[in-house]
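Visitor: Whatever this is, show me its structure:
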Amino acid sequence: MGYIIALISGTLMSVQGVFNTEVTKVAGMWVTNGWVQITAFLACMAAWFFSGRDSLSNLFQVDSKYMLTGGLIGAFITFTVIKSMGSLGPAKAVLLIVIAQLLVAYLIELFGIFGVEKVDFSWSKLIGMAVAIIGFIIFKWK
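Guide: I've put the predicted structure just below:
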(Lines give C-alpha, C1' and ligand atoms only; values in the text may rest on other atoms or scores of the structure.)
Protein backbone atom coordinates (compact mmCIF):
# COMPACT_ATOMS: atom_id res chain seq x y z
CA MET A 1 0.00 0.00 0.00
CA GLY A 2 2.89 2.38 0.71
CA TYR A 3 4.04 2.09 -2.91
CA ILE A 4 0.61 3.03 -4.25
CA ILE A 5 0.34 6.01 -1.89
CA ALA A 6 3.85 7.17 -2.89
CA LEU A 7 2.91 6.95 -6.59
CA ILE A 8 -0.26 8.93 -5.95
CA SER A 9 1.77 11.50 -3.99
CA GLY A 10 4.26 11.94 -6.81
CA THR A 11 1.46 12.27 -9.34
CA LEU A 12 -0.36 14.87 -7.26
CA MET A 13 2.85 16.85 -6.65
CA SER A 14 3.56 17.03 -10.38
CA VAL A 15 0.01 18.09 -11.25
CA GLN A 16 -0.04 20.63 -8.41
CA GLY A 17 3.26 22.10 -9.58
CA VAL A 18 1.90 22.63 -13.09
CA PHE A 19 -1.34 24.14 -11.75
CA ASN A 20 0.52 26.49 -9.40
CA THR A 21 2.94 27.58 -12.11
CA GLU A 22 0.06 28.48 -14.44
CA VAL A 23 -1.84 30.36 -11.71
CA THR A 24 1.34 32.30 -10.88
CA LYS A 25 1.41 33.67 -14.44
CA VAL A 26 -1.89 35.45 -13.71
CA ALA A 27 -1.98 36.01 -9.96
CA GLY A 28 1.71 36.37 -9.03
CA MET A 29 3.96 34.25 -6.84
CA TRP A 30 2.88 35.16 -3.34
CA VAL A 31 -0.84 35.39 -4.07
CA THR A 32 -0.66 31.92 -5.63
CA ASN A 33 1.45 30.56 -2.79
CA GLY A 34 -0.93 32.03 -0.23
CA TRP A 35 -3.91 30.56 -2.06
CA VAL A 36 -2.24 27.14 -2.07
CA GLN A 37 -1.55 27.33 1.67
CA ILE A 38 -5.04 28.64 2.54
CA THR A 39 -6.83 26.00 0.47
CA ALA A 40 -4.57 23.32 1.98
CA PHE A 41 -5.48 24.61 5.45
CA LEU A 42 -9.20 24.50 4.62
CA ALA A 43 -8.88 20.96 3.26
CA CYS A 44 -7.09 19.91 6.45
CA MET A 45 -9.74 21.55 8.62
CA ALA A 46 -12.50 19.74 6.71
CA ALA A 47 -10.68 16.41 7.04
CA TRP A 48 -10.10 17.08 10.76
CA PHE A 49 -13.77 17.94 11.26
CA PHE A 50 -14.99 14.72 9.62
CA SER A 51 -12.35 12.39 11.06
CA GLY A 52 -10.61 11.80 14.38
CA ARG A 53 -10.47 15.39 15.67
CA ASP A 54 -7.18 15.07 17.48
CA SER A 55 -6.61 17.84 19.99
CA LEU A 56 -4.78 20.93 18.73
CA SER A 57 -3.00 21.08 22.07
CA ASN A 58 -1.09 17.94 21.01
CA LEU A 59 1.03 20.20 18.80
CA PHE A 60 2.54 21.80 21.88
CA GLN A 61 3.63 18.41 23.17
CA VAL A 62 6.10 17.96 20.31
CA ASP A 63 9.53 17.77 21.95
CA SER A 64 11.58 19.37 19.17
CA LYS A 65 9.72 22.62 18.51
CA TYR A 66 11.60 23.18 15.24
CA MET A 67 9.57 20.26 13.86
CA LEU A 68 6.58 22.63 13.86
CA THR A 69 8.10 24.65 11.00
CA GLY A 70 6.83 22.24 8.34
CA GLY A 71 4.25 24.76 7.13
CA LEU A 72 6.93 27.40 6.62
CA ILE A 73 8.96 24.88 4.68
CA GLY A 74 5.81 24.08 2.67
CA ALA A 75 5.52 27.70 1.56
CA PHE A 76 9.10 27.62 0.27
CA ILE A 77 8.49 24.24 -1.38
CA THR A 78 5.58 25.77 -3.29
CA PHE A 79 7.75 28.76 -4.23
CA THR A 80 10.68 26.64 -5.44
CA VAL A 81 8.49 24.20 -7.36
CA ILE A 82 6.76 27.05 -9.19
CA LYS A 83 10.07 28.77 -10.02
CA SER A 84 11.79 25.57 -11.16
CA MET A 85 8.86 24.44 -13.31
CA GLY A 86 8.60 27.90 -14.82
CA SER A 87 12.25 27.92 -15.86
CA LEU A 88 12.96 24.23 -16.58
CA GLY A 89 9.55 22.85 -17.51
CA PRO A 90 7.65 20.25 -15.49
CA ALA A 91 9.63 17.12 -16.45
CA LYS A 92 13.16 18.45 -15.82
CA ALA A 93 12.08 20.26 -12.66
CA VAL A 94 10.36 17.21 -11.17
CA LEU A 95 13.30 14.98 -12.05
CA LEU A 96 15.73 17.30 -10.24
CA ILE A 97 13.33 17.70 -7.33
CA VAL A 98 13.07 13.92 -6.94
CA ILE A 99 16.86 13.52 -7.13
CA ALA A 100 17.28 16.17 -4.42
CA GLN A 101 14.62 14.47 -2.29
CA LEU A 102 16.37 11.10 -2.67
CA LEU A 103 19.77 12.51 -1.78
CA VAL A 104 18.60 14.47 1.25
CA ALA A 105 16.34 11.65 2.49
CA TYR A 106 19.21 9.18 2.27
CA LEU A 107 21.56 11.53 4.11
CA ILE A 108 18.92 12.02 6.84
CA GLU A 109 18.66 8.23 7.23
CA LEU A 110 22.40 7.63 6.95
CA PHE A 111 23.29 10.12 9.69
CA GLY A 112 20.11 9.69 11.77
CA ILE A 113 19.24 13.39 11.51
CA PHE A 114 16.04 14.80 13.07
CA GLY A 115 15.51 11.71 15.21
CA VAL A 116 15.16 9.37 12.22
CA GLU A 117 16.49 5.87 12.83
CA LYS A 118 20.04 5.66 11.51
CA VAL A 119 20.74 3.18 8.70
CA ASP A 120 24.00 1.62 7.56
CA PHE A 121 25.73 2.82 4.40
CA SER A 122 24.56 0.96 1.32
CA TRP A 123 26.45 0.79 -1.96
CA SER A 124 23.23 -0.14 -3.76
CA LYS A 125 21.58 3.11 -2.61
CA LEU A 126 24.62 5.12 -3.67
CA ILE A 127 24.61 3.41 -7.07
CA GLY A 128 20.86 4.05 -7.35
CA MET A 129 21.50 7.74 -6.71
CA ALA A 130 24.22 7.77 -9.37
CA VAL A 131 21.85 6.09 -11.83
CA ALA A 132 19.22 8.77 -11.10
CA ILE A 133 21.76 11.54 -11.74
CA ILE A 134 22.96 9.86 -14.95
CA GLY A 135 19.29 9.48 -15.92
CA PHE A 136 18.81 13.22 -15.54
CA ILE A 137 21.86 13.92 -17.70
CA ILE A 138 20.52 11.57 -20.39
CA PHE A 139 17.02 13.05 -20.03
CA LYS A 140 18.20 16.60 -20.65
CA TRP A 141 20.62 15.63 -23.40
CA LYS A 142 19.55 17.09 -26.74
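Visitor: Contact partners for the residue nearest the centre of the chain?
Guide: Centroid-nearest residue in the chain: Ile77, 6.5 Å away (criterion: CA atoms, centre = their mean). By CB atoms under 8 Å, 6 or more residues apart in numbering, the contact set of Ile77 is empty. Every residue, glycine included, has its C-beta placed from N, CA and C.
Visitor: How about Lys118: what's its closest non-neighbour residue?
Guide: Gly112 (3.2 Å; CB to CB, 6 or more residues apart in numbering).
Visitor: What are the boundaries of the helices in the protein?
Guide: Assigned helices in the chain, in chain order: 2-27, 29-50, 70-88, 90-111, 123-140 (criterion: DSSP state H).
Visitor: Report the angle between the first one and helix 70-88.
Guide: Translated: helix 2-27. 70 degrees (axes from the mean of the first three to the mean of the last three CA atoms, to 10 degrees).
Visitor: buried ones in helix 2-27?
Guide: Met13, Ser14, Gly17, Val18, Asn20, Thr21, Val23, Thr24 (16 or more other CB atoms under 10 Å).
Visitor: Tell me how many other residues surround the closest residue to Leu68 other than its chain neighbours.
Guide: Among residues not flanking Leu68 along the chain, Val62 sits closest, at 6.1 Å (CB to CB, 6+ apart). Neighbours of Val62 under the rule other CB atoms under 10 Å: 10.
Visitor: Hmm, Gly115 and Val62 touching each other?
Guide: No. The pair Val62 / Gly115 is not scored as a contact, 10.9 Å apart, by CB atoms under 8 Å.
Visitor: List the buried residues in stretch 100-113.
Guide: In stretch 100-113, counting by 16+ other CB under 10 Å, buried: Tyr106, Glu109, Leu110.
Visitor: and which of the residues you listed is nearest Gly89?
Guide: Checking the buried residues of stretch 100-113 against Gly89 with CB to CB, the nearest one is Tyr106 at 26.0 Å.
Visitor: picking up where we left off before, now distance to Asn58 and mean pLDDT too, for the helices of the chain, in a markdown table please.
Guide: What follows is the helices of the chain, written out as a markdown table (distance: least, CB to CB, whole Å; pLDDT from 0 to 100):
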| stretch | distance to Asn58 | mean pLDDT |
| --- | --- | --- |
| helix 2-27 | 23 | 96 |
| helix 29-50 | 12 | 96 |
| helix 70-88 | 15 | 96 |
| helix 90-111 | 24 | 96 |
| helix 123-140 | 34 | 94 |
